[in-house]
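1. from the sequence below, what's the structure:
(one chain, ligands or ions: 1)
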Amino acid sequence: MEGFDMKCGEKLEGVNVQVVLRCRPLSEEDEISRTPTVVTCDELKGEVLAIRSIGNKQTERAFVFDKVFGPTSQQVDLFTQSISPLVSDVLEGFHCTIFAYGQTATGKTYTMEGGKMANNGELHSDAGVIQRSAQKCFEELEAKRAKYIMKVSFLEIYNEEITDLLSSKKWEFLDDKSTRRITLMEDGKGGVFVRGMEEDIVYSADEIYKILDNATTRRHSTANLLNKHSSRSHSIFSITIHIKDISREGQEIIKIGKLNLVDLAGSVNILRSGAREGRAREAGEINKSLLTLGRVINALVDESSHVPYRDSKLTRLLRNSLGGKTKACIIATISPSIHCLEETLCTLDYAHRARNIKSKPEINQKIMESTMMKDLNYEIDRLKKELNATNEKNSIHISRDCFLQEDEKKAIAEKMERIELKLKFKDKQLIVLQELYDSQQYLTADLIEELDHNQIKLEGSEKMVLDQEEKYQKAKCVIRENERLIMKLQHSERELVEHAQSLRSELEFNDADISSLLCKIEHKCNIEERNQIILQRFQSHLTQQLHILLKIVSTSVMEQENHLQEIEDEMHSFVCGKAMVTREYKGWVEKLKDLYCSGITTLDGLAGELDQNSQLTFGKFYSQVLTHSTYVDDCLRGITFEADNLLKELQTDFSNQIFKLNVFGQLQHEGHQRTAEATRSISNTFINFLHMLDVHASRLSKILEETQIVEDQQLSNLERKFEECAANEDKQLLEKVVEMLTSSNALQRKQVQKAIDALRQNAHERTSNLQKEVSKAQNFTSLIKEQWRFYIEETERHYLGNVAAVESRRCSLEEGLNDCFEKTEMGSLLWENSWDFRVSLGKETITLMESIVRNGIEANQKIRADISSGATTALENLDAGVKALQSSIDCSLESDHDAWEKINSIIVPSRREQSDLKSRHCDRILEIKECVDKCVKHEYMVSV
Ligand SMILES: Nc1ncnc2c1ncn2[C@@H]1O[C@H](COP(=O)(O)OP(=O)(O)OP(=O)(O)O)[C@@H](O)[C@H]1O
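-> Numbering: from 1, shown residues only. The predicted model follows:
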């Protein structure tokens with residue numbers, strides 16, 4: 001960083017850069033989410049194993065480092081084992097640089113600056129390399145009671161601009177950061193220095209802690225998805241110590257040790273970190289400068305003739321620290337998380353390669369000024385004496401030979417001086433030419449490198465275009481798949497609609513069935529109502545008829561009794577008046593006989609009439625029962641009522657089902673429309689995206705072609721011009737070597753400079769154009785990805801919604817239909833039961849009626865037979881009596897009394913029989929009435 005005036009240097013053999021690896025523990029989030037680890041650290045062997053799984057295969061990569069610190073390692077371990085010896089070297093006058101390199105959030109800042117700041121002079125266990133180094137420096141210097149001056153500086157490189165974090169201008173009043181920027185200057189000796197950089201002299205470690213504390217708050221940092229306080233700049237904290245010492249030769253010397261502590265910005269995977277726009281550009285700049293550092297390391301490892309230090313401010317500033325006279329240590333930081341495996345492998349490769357860099361450290365020391373001053377004073381004294389002696393010639397005697405010799409010597413010396421001057425001039429010209437040639441070489445190498453770089457970029461872009469094309473094909477496949485799905489859904493929707501229609505027609509058919517059933521039921525109800533009326537009428541008619549029959553029977557019995565009474569009376573009057581009316585007695589007997597006969601005949605006729613009547617009535621009753629028994633079924637009333645309700649429910653259920661089915665069909669239709677729209681918009685976005693990609697890719701290839709053509713042209717121009725110049729130069733050198741050299745050089749320099757400027761300008765323009773296009777393409781790609789993810793989620797959501805709706809509707813439909821089905825089954829079962837019951841009831845009733853009617857008819861026939869036999873007996877008896885009376889008229893009045901008794905003995909049983917008949921008839925009628933009542937009331941359930 002600073003060109004030292006090396007008075008004397010202690011050269012060492014070339015040493016390798018020391019590379020230390022530190023693996024951080026898993027973050028809290030990773031612990032919670034149980035993120036798997038893919039890195040194993042063997043601190044004893046100094047080996048790191050990175051395990052990578054591809055499919056079922058696991059591959060291990062081992063890396064060996066100078067020192068390995070695992071996730072459980074402490075800050076103090078790292079410092080004492082790896083950094084402390086370097087700090088001791090600094091106190092010996094070496095320049096040492098410690099780099100922290102690694103992916104974002106792997107603990108670079110934690111390692112360098114530590115977690116917490118020191119408190120009351122005590123270092124916190126989290127304190128980093130900077131604090132510990134500062135403390136060690138002061139402790140050792142104080143222990144040695146050395147005389148020293150310690151200075152610190154703190155620089156930041158952000159987006160290729162250097163800022164002094166210790167600038168004395170008050171930060172509080174300066175918001176314009178541009179005033180803090182300082183520039184990097186070439187010192188003309190191959191080194192660089194930072195113009196305007198401030199260095200603070202410090203007297204204690206506490207002061208350093210405070211400076212660090214204040215300055216770190218000014219560093220550019222931001223939060224990304226991987227680190228809440230991600231440093232977005234490279235920082236270089238330098239401690240320079242001038243220590244007074246005595247050399248082995250006993251001379252007072254000043255040792256100048258310098259410790260550069262470099263916290264590099266983390267390499268960022270732009271996609272994983274979630275960086276956008278400004279942040280993405282920032283990440284791009286960081287990655288670019290780290291890439292340059294990588295190229296520098298590669299060139300140093302390969303011992304290439306050209307090391308591209310000049311490609312970034314970081315590498316320019318650290319030129320001396322890598323491959324120069326500085327001792328260097330790289331702390332590579334990694335994370336064990338599986339999510340960081342790619343970046344971890346990059347860091348491991350990078351760090352492992354850096355182990356091969358060699359540097360030649362030198363102790364920087366100067367002879368003390370006072371000693372130098374003493375020597376100079378001595379020399380000045382001597383010269384003064386000589387001068388005095390020359391001025392005071394007279395007083396000094398010099399021999400002639402000596403004087404001549406002196407003259408000659410002077411002439412020779414002057415000649416020598418002139419030759420030396422000329423030689424120096426020639427050397428200078430040679431150096432300038434050499435430098436020009438070198439710079440041309442560098443330029444050519446840079447251009448070739450840039451060309452390679454552009455080629456790589458082009459390849460990357462081509463790969464990107466191929467990737468995008470592949471993605472496009474994949475998206476096409478997805479769209480085709482979606483279309484197939486939609487077709488399927490439409491097909492299933494059509495099937496559902498067809499099914500719904502068939503269901504509807506079935507329902508309509510069932511509806512017609514049900515209405516015809518209802519009509520039948522209504523018809524049956526009407527018939528039953530009519531039957532009921534007929535039954536009621538029949539019952540009242542039967543009661544009337546029975547009443548009439550009873551009346552007739554009692555009238556007939558009364559009449560018979562009256563007749564018998566009359567007969568008795570007549571017989572009595574006959575017997576009494578026999579004596580008086582003997583002659584008329586025959587006539588009267590004849591008359592009585594006729595009257596008796598006619599009475600008996602009337603009685604028989606009446607009995608026959610009664611029999612006929614009752615037979616007719618029973619026949620009517622029987623025929624009525626037979627005719628209507630098929631329709632008479634009281635039980636049907638209740639069952640009909642239930643069936644009616646059931647069927648009504650069934651109808652309501654079916655109409656509900658139809659309504660649900662309609663709603664479901666509507667929902668299905670809407671869902672499919674939504675899906676179709678989303679898919680259409682996805683395909684539109686994709687078409688736009690691909691169009692944009694095409695445009696960008698064609699622009700990119702055009703720019704690259706132009707760049708290549710222009711660069712080719714410029715290179716050939718340069719070559720041509722240089723060859724022309726060289727030819728001219730050869731020619732002119734022969735003629736006027738001295739004059740032409742000057743003018744040729746000037747011309748050459750001018751032309752080369754012009755060409756270089758033009759080349760640089762063009763290259764810069766092309767590169768920035770390329771970068772813009774690439775970042776546009778990246779932004780656009782990430783935007784499209786975002787939209788694509790959103791569309792996919794939407795489509796999936798809609799699809800799931802539709803599927804869930806279809807499922808729930810289908811279930812409810814199924815349930816409803818099952819319900820309906822069960823109810824219908826129950827209805828039909830009930831209906832069958834009621835039908836069977838009604839049939840058996842009808843059969844039973846008919847049998848009962850039949851038996852009652854048969855019994856009634858038999859009873860009537862018996863009564864009639866009894867009456868007939870009674871009448872016949874009476875007539876026979878009467879005939880015998882009349883005969884006996886007629887014979888006894890002739891015989892004797894005495895036998896009149898016997899006849900009277902005989903008649904009496906016939907009339908009394910006849911009267912008894914009459915009353916028996918009457919009472920039996922009454923009982924029978926009552927029995928029939930009761931039976932009918934019971935049957936009508938209980939079995940036919942007719943309320944009278
Ligand atoms: N070895 C460790 N032990 C404990 N915590 C650690 C360790 N390494 C890192 N951390 C924690 O991880 C977080 C990120 O670390 P840090 O900011 O140092 O990462 P970084 O590499 O500097 O990131 P960036 O490059 O983004 O600046 C911090 O909260 C830090 O405390």
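
2. residues in the protein within reach of the ligand, list them.
-> The chain comes close to the ligand at residues 24-25, 102, 104-110, 115, 227, 229-231, 265-266, 333, as judged by CB under 6 Å from any ligand atom. No exception for glycine: its C-beta is placed from N, CA and C like everyone else's.

3. among the helices and strands of this protein, which has the poorest mean pLDDT?
-> strand 8-11 (a mean of 42; mean pLDDT, DSSP states H and E).

4. next secondary structure element downstream of it?
-> strand 15-16 (DSSP states H and E).

5. helices or strands next to that following strand in the packing?
-> When contacts are defined as 3 or more CB pairs under 8 Å, 6 or more residues apart in numbering; DSSP states H and E, strand 15-16 sits against strand 358-359.

6. could you list the buried residues of stretch 302-312?
-> By neighbour count on 16 or more other CB atoms under 10 Å, the buried set for stretch 302-312 is H306, V307, P308, Y309, R310, D311, S312.

7. roughly how far is it from the heart of the chain?
-> In terms of CA atoms, centre = their mean, to the nearest Å, the centre of stretch 302-312 is set 49 Å apart from its chain centre.

8. cool, stretch 549-559 as well?
-> 104 Å.

9. outside of that stretch itself, list whatever touches it.
-> 603, 606-607, 610, 613-614, 914-915, 917-918, 921-922, 925 (CB atoms under 8 Å, 6 or more residues apart in numbering).

10. centroid-nearest residue for the chain?
-> E793 (7.9 Å; CA atoms, centre = their mean).

11. what about the contacts of stretch 549-559, which are in helices?
-> 603, 606-607, 610, 613-614, 914-915, 917-918, 921-922, 925 (DSSP state H).

12. of all these, which two lie farthest apart?
-> N613 and S915 (21.5 Å; CB to CB).

13. these two: who's more crowded?
-> N613 (16 against 13; other CB atoms under 10 Å).

14. just the buried residues of stretch 38-53, please?
-> Applying 16+ other CB under 10 Å to stretch 38-53 flags V38, V39, C41, E43, G46, V48, A50 as buried.

15. wait, which of those is closest to G856?
-> Among the buried residues of stretch 38-53, and counting by CB to CB, the member closest to G856 is V38, at 110.5 Å.

16. and that closest one, how far from Y209?
-> 37 Å (CB to CB, to the nearest Å).

17. and K918, by the same measure?
-> 144 Å.

18. can you check I130 too?
-> Distance from I130 to Y209, by CB to CB: 9 Å.

19. comparing the two, which residue is more hemmed in?
-> Set I130 next to Y209 and count neighbours by other CB under 10 Å: I130 wins out with 26 against 22.

20. please save the CA atoms from whatever helix or strand the more buried one lives in in PDB.
-> Taking DSSP H and E as the definition, one finds I130 inside helix 129-144. This file holds the C-alpha atoms of helix 129-144, laid out as PDB (Å, rounded to 0.1, in the frame of the first residue of the first chain):
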ATOM      1  CA  VAL A 129      -9.200 -10.400  15.400                       C
ATOM      2  CA  ILE A 130      -8.900  -6.600  15.200                       C
ATOM      3  CA  GLN A 131      -9.400  -6.000  18.900                       C
ATOM      4  CA  ARG A 132      -7.200  -8.900  19.900                       C
ATOM      5  CA  SER A 133      -4.400  -7.800  17.600                       C
ATOM      6  CA  ALA A 134      -4.600  -4.300  18.900                       C
ATOM      7  CA  GLN A 135      -4.400  -5.500  22.400                       C
ATOM      8  CA  LYS A 136      -1.500  -7.900  21.700                       C
ATOM      9  CA  CYS A 137       0.500  -5.100  20.000                       C
ATOM     10  CA  PHE A 138       0.100  -2.800  22.900                       C
ATOM     11  CA  GLU A 139       0.800  -5.500  25.500                       C
ATOM     12  CA  GLU A 140       4.000  -6.700  23.700                       C
ATOM     13  CA  LEU A 141       5.300  -3.200  23.100                       C
ATOM     14  CA  GLU A 142       4.600  -2.200  26.600                       C
ATOM     15  CA  ALA A 143       6.300  -5.300  27.900                       C
ATOM     16  CA  LYS A 144       9.400  -4.600  25.900                       C
END
